[in-house]
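# need a structure here:
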Amino acid sequence: MSATSAESHSSNGHNENGNGAPHGLGSPRDIENNAQSLLFLESLYEQYLTTPDKLSSDWRDYFEQLDLEQSNSDHRRIRPQRKPFSIFNPPSMNDGGLRRPQRLEVAGRQERLDQLIRNFRVRGHILAEIDPLGKKRGNPPELKPEFYGFTEEDMDRRFSTSWMGGPEVRTLRQIVQWLRTTYCRSIGVQFMHIDSLRVREWLQTRMETTGNRLKLKREQQVRILSRLSDAVLFEQFVQKKFIGEKTFSLEGAESLIPLLDMAINKAGDEGADEIVIGMAHRGRLNVLANILHKSHRQIFREFVDNDPELNIGRGDVKYHLGYSSDWFTPNGKKVHLSLCFNPSHLEYINPVAQGRLRSKMDRYRDFKHERGMTVMIHGDAAFIGEGVVQETLNLSELPGYSVGGTLHVVVNNQIGFTTTKEQSRSSTYATDVAKMLQIPIFHVNGEDPEAVAQVVGLALDFRRTFHRDVIIDMYCFRKLGHNESDEPEFTQPIMYGDIKKRQSVFESYLDQLLGMRGITREEAEQIVEERRQVLEAELEAARRDQYIRCIEEYGGYWYGYRGGSVSEADDVDTYVKRDEVERIMNVLTDYPANFHPHRKLIRQLEQRREMGRGERPIDWASAELLAFGSVVSEGRALRMTGQDVERGTFSQRHAVLHDVQTGETFLPLKKLAPDDGLVELYNSPLSENGVLGFEYGYSLDFPDGLVIWEAQFGDFCNSAQVYIDQFIASTEDKWHRFSGLVMMLPHGFEGQGPEHSSARLERFLMLAAEDNIQIVVPSTPAQHFHVLRRQVLRKWKKPLIMMTPKSLLRHPQCVSTVDDLATGSFQSVIDDPTFEDRSQVKRILLCSGKVYYDLLAERERLERTNDVAIVRLEELYPLPYVQLQEVLGQYPVGTEVRWVQEEPENMGASRFLRAHFGQTLFDQYPLRTVERHASASPATGSKRSHQMEQASLMEAAFALF
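Below is the predicted model of the structure:
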């Protein structure tokens with residue numbers, strides 16, 4: 001009986017087809033793969049023996065052929081002398097007078113065997129010897145033959161096993177041994193949680209026909225030994241030469257290096273051009289040296305640290321840095337490797353790496369995702385402990401984020417810093433979170449390199465076949481403490497007592513090969529000596545005064561782009577000619593004749609066409625779509641994701657139209673792109689953290705595209721603060737990488753409560769230094785249009801943080817004209833256009849964003865248009881000193897400036913501006929601030945309280961002090 005087939009059968013016994021047979025048994029041809037009902041088959045056979053005419057012809061032919069085969073074949077194969085009958089070898093009425101009860105007993109034994117086999121597939125991993133420290137994990141009774149009523153006498157009874165692969169008939173003893181060999185040696189597999197019968201049978205066949213063991217050639221064994229030698233020697237060398245230095249050693253898990261070696265070679269030979277690697281800091285130096293082939297002398301120079309002046313205030317520690325290089329497989333295939341930089345936030349690199357690979361594949365127009373692979377290297381405690389892992393796994397098969405399957409490697413040290421598994425997880429395995437996906441999880445003993453080789457090959461074949469993620473959970477240990485200065489025996493004396501007794505995996509594998517006569521000790525010693533000499537020479541070169549530091553330059557598609565000071569930013573023309581604006585809008589509002597938009601949108605599309613013709617003012621969303629359309633028309637890529645970006649959180653964008661009759665979608669922007677143009681707008685899952693990390697990663701490899709992440713509400717970026725702090729704000733200074741990522745954060749105090757008011761402008765301003773990011777608060781559709789185009793057209797690349805509006809999306813005064821788009825550019829400061837003679841102005845209200853329109857209305861109400869000017873500061877960082885000074889210079893010296901903001905005093909830009917300007921602007925204009933009182937929460941939850949606060953704010957802005 002096939003266990004996988006049985007799993008899909010209804011348990012109520014009434015799931016039948018038209019012939020009264022259980023599903024899958026409608027004809028004899030189904031029997032080999034779907035023997036689900038023993039009683040049904042027995043009754044058919046008895047009917048064949050008594051009243052064959054009542055059977056269908058195909059069943060009669062089947063049983064006749066079966067009897068013929070039994071009479072003509074070798075009786076030792078089909079009908080042994082002890083006659084171990086089963087449903088695959090049923091007895092006839094003349095076989096010793098066996099009647100139905102005896103036949104049912106035979107069938108029952110076969111059914112119990114099938115249950116045993118299924119449970120080995122489900123639970124065999126519990127018996128697997130995957131822990132190199134030898135700790136046993138239990139002995140489930142359902143994996144013992146006696147649990148199913150088998151006795152010692154039954155162990156030599158023969159059963160049909162043709163559906164297992166290998167011999168068609170085996171004894172129970174042989175079957176159990178083969179199951180233990182397949183599922184309970186150095187590899188334990190979890191795969192029966194996968195719903196797909198095809199996937200499960202694919203895995204069963206691959207494992208059960210081979211005993212889950214790869215037969216290696218001698219040259220493969222030598223390569224594994226050599227790579228283990230590289231890994232072990234590097235760690236020993238660094239420990240000896242740089243005593244006390246933190247390296248986050250790989251010792252105890254050195255099999256990671258041959259694992260990566262095999263994975264890269266196999267993926268490369270099968271078509272991968274790009275492999276992006278993400279990992280935490282443990283083992284990173286070893287991977288840099290032995291996989292990325294970063295110069296040993298460069299690594300040693302970082303230990304020596306003789307170039308402090310080059311890193312003042314910038315960079316990161318050596319075991320956090322990234323690197324890229326070209327790899328050549330033994331067959332000559334070139335693969336580009338990119339190891340992502342990563343702070344100590346461990347798993348937060350996951351979506352960044354995925355985003356980088358997706359970006360590379362999109363650039364190749366590899367929409368089947370066959371030319372690249374992501375390899376994610378995890379720690380066991382982090383994999384189960386950090387929620388970003390689950391977020392990234394959830395992204396893996398979503399259209400906007402899929403990369404064709406990721407190879408996840410868990411370096412399972414069986415401890416997190418000093419925390420044991422009993423304190424760090426509620427699940428059996430650290431990898432149990434991955435069971436949310438329909439993928440296999442291979443647990444493997446890291447001290448069995450040939451078992452590691454088997455799971456690497458099987459995992460990559462699975463990934464290539466099904467385009468899904470796959471998990472390798474490599475059990476090992478951490479020979480040293482969390483870092484080299486840590487004493488692990490303080491907290492884990494028993495574990496580290498066992499670890500001290502262990503020889504290195506290189507030595508144990510060498511002993512294995514010597515026993516098999518696969519290699520001589522002389523050959524092994526030569527491998528070790530050659531690598532030791534290389535390390536000594538590299539260290540000597542690193543210590544020389546004339547050492548030449550390798551400077552990594554920006555090349556490839558980053559050639560010509562730059563960062564640095566805002567003074568190096570290039571001026572670009574962002575306007576679009578009037579007739580082009582009309583053409584783009586006509587395309588954006590057109591749809592196929594057989595497409596049926598919602599009736600409310602038909603009028604809106606017509607209004608947008610009027611905007612394009614200049615017959616109606618342009619609102620915010622229309623200006624934005626025109627910016628997108630112009631970028632796409634110029635052959636540049638556009639990618640935008642967020643929780644509701646297709647429609648827009650506030651039902652304003654409608655970039656993707658839905659047919660009300662069929663549910664089909666239509667993206668007009670695609671019609672503006674060249675044939676191979678890239679236009680991607682995706683609603684994201686309910687995730688800020690993982691999705692923002694993905695888009696940041698995407699931006700690292702697409703400088704010539706417009707890459708945008710939009711929050712549903714700006715406040716929600718709170719959930720992604722690690723990416724803002726550790727990646728986006730520090731991308732150039734810390735990681736030496738540029739990013740043009742745009743973050744759109746709806747912002748504005750409108751009485752919607754503390755969680756829907758503030759995008760936490762103050763946090764971005766606190767992170768602003770050395771012209772690292774751009775922070776803008778555009779107040780008109782045209783400003784929004786121009787800053788988006790500036791972002792993609794400029795060669796000066798910095799992340800752009802945009803405080804975008806909510807109520808202003810439909811504010812009658814928040815509009816622009818076609819001429820505003822067809823001329824001009826983004827203005828960092830906008831002067832008040834009301835005054836021709838500014839000498840009469842007594843007060844300047846300086847502000848940003850929505851509050852401008854509140855102040856405008858209040859000024860009209862108070863009839864203060866003769867003496868109060870309202871100036872908009874549209875770009876808060878880098879602070880536009882020159883532009884602001886030019887605007888203020890048109891007003892009398894000594895004119896009071898009041899900075900007006902909606903946010904509490906301890907939030908928004910108030911403290912930031914006081915820190916930069918003090919009590920006066922440019923020593924000429926007294927500066928005061930108007931804001932809500934300092935508060936622990938951004939806003940009130942009461943609509944009426946909000947209105948009272950807003951009225952007080954307006955009163956203070958225009959009042960005398």
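# what about the nearest residue to residue 724 once chain neighbours are set aside, neighbour count?
Closest residue in space to residue 724, ignoring its immediate chain neighbours: residue 717 at 6.7 Å, by Cβ to Cβ, 6 or more residues apart in numbering. In this view, the C-beta of every residue, glycine as well, is placed from N, C-alpha and C. Here the number of neighbours of residue 717 (other Cβ atoms under 10 Å) works out to 22.
# measure residue 717 to residue 740 for me?
18 Å (Cβ to Cβ, to the nearest Å).
# got any ranges where the stretch 51-200 of the chain has weak pLDDT?
Low-confidence segments of the stretch 51-200 of the chain (pLDDT under 70): 62, 64-103.
# quick one: the helices in it, in order.
57-72, 75-78, 100-127, 172-183, 197-208 (DSSP state H, counting those that start in this stretch).
# hang on, the earlier thing: just checking, the residue nearest to residue 724 is part of a helix?
Yes: Residue 717: assigned to a helix according to DSSP: H, G, I helix; E, B strand; the rest coil.
# show me what contacts it?
688, 692, 711, 724, 743, 745, 759-760 (Cβ atoms under 8 Å, 6 or more residues apart in numbering).
# still on that earlier bit, using TSV, lay out the helices of the stretch 51-200 of the chain together with mean neighbour count and distance to residue 451.
Output for the helices of the stretch 51-200 of the chain, formatted as TSV (neighbours: other Cβ atoms under 10 Å; distance: least, Cβ to Cβ, whole Å):
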stretch	mean neighbour count	distance to residue 451
helix 57-72	14	39
helix 75-78	13	33
helix 100-127	19	13
helix 172-183	19	12
helix 197-208	18	12
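# do you know which of these lies nearest residue 155?
helix 172-183 (4.3 Å; Cβ to Cβ).
# please save the CA atoms from the closest one in CSV.
What follows is helix 172-183 as a C-alpha-only set of coordinates in CSV (Å, rounded to 0.1, in the frame of the first residue of the first chain):
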residue,chain,number,x,y,z
LEU,A,172,10.3,-7.3,6.6
ARG,A,173,13.8,-7.3,8.1
GLN,A,174,15.2,-5.9,4.8
ILE,A,175,12.4,-3.3,4.6
VAL,A,176,13.0,-2.0,8.1
GLN,A,177,16.7,-1.9,7.5
TRP,A,178,16.2,0.0,4.3
LEU,A,179,13.9,2.5,5.9
ARG,A,180,16.4,3.1,8.7
THR,A,181,19.1,3.6,6.1
THR,A,182,17.0,6.1,4.2
TYR,A,183,15.4,8.1,7.0
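# now residue 745, what's its secondary structure?
Looking at residue 745 with three-state DSSP, the answer is strand.
# local confidence estimate at it?
Confidence at residue 745, expressed as pLDDT, is 97.
# let me know whether it touches residue 806 as I believe.
No: checked against Cβ atoms under 8 Å, the pair residue 745 and residue 806 is beyond contact range at 10.8 Å.
# centroid residue for this protein?
residue 351 (3.1 Å; Cα atoms, centre = their mean).
# give me the element that one is part of.
Secondary-structure element containing residue 351, defined by DSSP states H and E: helix 349-363.
# got the angle for the helix or strand just after that helix vs helix 349-363?
Counting by DSSP H and E, the next helix or strand C-terminal to helix 349-363 is strand 372-379. Angle between the axes of strand 372-379 and helix 349-363 is 180 degrees (criterion: axes from the mean of the first three to the mean of the last three Cα atoms, to 10 degrees).
# tabulate the CA atom coordinates of strand 372-379 in CSV.
What follows is strand 372-379 as a C-alpha-only set of coordinates in CSV (Å, rounded to 0.1, in the frame of the first residue of the first chain):
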residue,chain,number,x,y,z
GLY,A,372,20.0,33.2,-10.0
MET,A,373,19.7,31.8,-6.5
THR,A,374,19.7,33.1,-3.0
VAL,A,375,21.6,31.3,-0.3
MET,A,376,20.5,32.2,3.2
ILE,A,377,22.7,31.1,6.0
HIS,A,378,21.0,31.2,9.4
GLY,A,379,21.7,30.5,13.0
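# give me the sheet partners of it and which way each runs.
When pairing is defined by DSSP bridges, strand 372-379 lines up against strand 274-279 (parallel), strand 406-412 (parallel).
# show me what the next helix or strand after that strand is in contact with.
Sequence-wise, the next helix or strand downstream of strand 372-379 (DSSP H and E) is helix 380-385. Residues from elsewhere that reach helix 380-385 (Cβ under 8 Å, 6+ apart): 280, 346-347, 389, 410-417, 419, 421, 424-425, 427, 430-433, 473.
# so which of those residues are in strands?
Using DSSP state E, 410-412, 473 are the members of the contacts of helix 380-385 that sit in strands.
# got JSON lines for those, with neighbour count, distance to residue 455 and pLDDT too?
Formatted as JSON lines, those follow (neighbours: other Cβ atoms under 10 Å; distance: Cβ to Cβ, whole Å; pLDDT from 0 to 100):
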{"residue": "410", "neighbour count": "25", "distance to residue 455": "12", "pLDDT": "97"}
{"residue": "411", "neighbour count": "26", "distance to residue 455": "14", "pLDDT": "96"}
{"residue": "412", "neighbour count": "29", "distance to residue 455": "13", "pLDDT": "95"}
{"residue": "473", "neighbour count": "26", "distance to residue 455": "9", "pLDDT": "98"}
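# between these, which is closest to residue 534?
Closest to residue 534, out of all of the ones in strands among the contacts of helix 380-385 and judged by Cβ to Cβ, is residue 411, at 25.3 Å.
# by neighbour count, which of the contacts of residue 717 wins?
residue 692 leads those on contacts (other Cβ under 10 Å) with 30 neighbours.
# hmm, residue 402 is touching residue 393, no?
No: counting by Cβ under 8 Å, residue 402 does not reach residue 393; the two are 11.9 Å apart.
# quick check: residue 201 vs residue 60, distance?
Residue 201 is 29 Å from residue 60, by Cβ to Cβ.
# just to revisit the earlier point, what's the closest of the strands paired with strand 372-379 to residue 108?
strand 406-412 (41.2 Å).
# could you give the mean pLDDT of the helix or strand hosting residue 223?
According to DSSP H and E, residue 223 maps onto helix 218-241. When pLDDT is averaged along helix 218-241, the result is 93.
# run through who's touching it.
So helix 218-241 is contacted by 216, 245, 247, 249-251, 254-258, 261-262, 285-286, 289-290, 300, 303, 449-450, 453, 484, 504-506, 509-510, 513, 518-519, 523-524, 527-528, 531-532, 535, 539 (Cβ under 8 Å, 6+ apart).
# buried set for it?
Along helix 218-241, these residues count as buried under the neighbour rule (16 or more other Cβ atoms under 10 Å): 220-235, 237-239.
# residue ranges with poor pLDDT in this structure?
Looking at the chain by pLDDT under 70, you get 1-43, 46, 62, 64-103, 306-316, 518, 545-553, 961.
# show me the contacts of helix 218-241 that map onto strands.
Short answer: those have none in strands (DSSP E).
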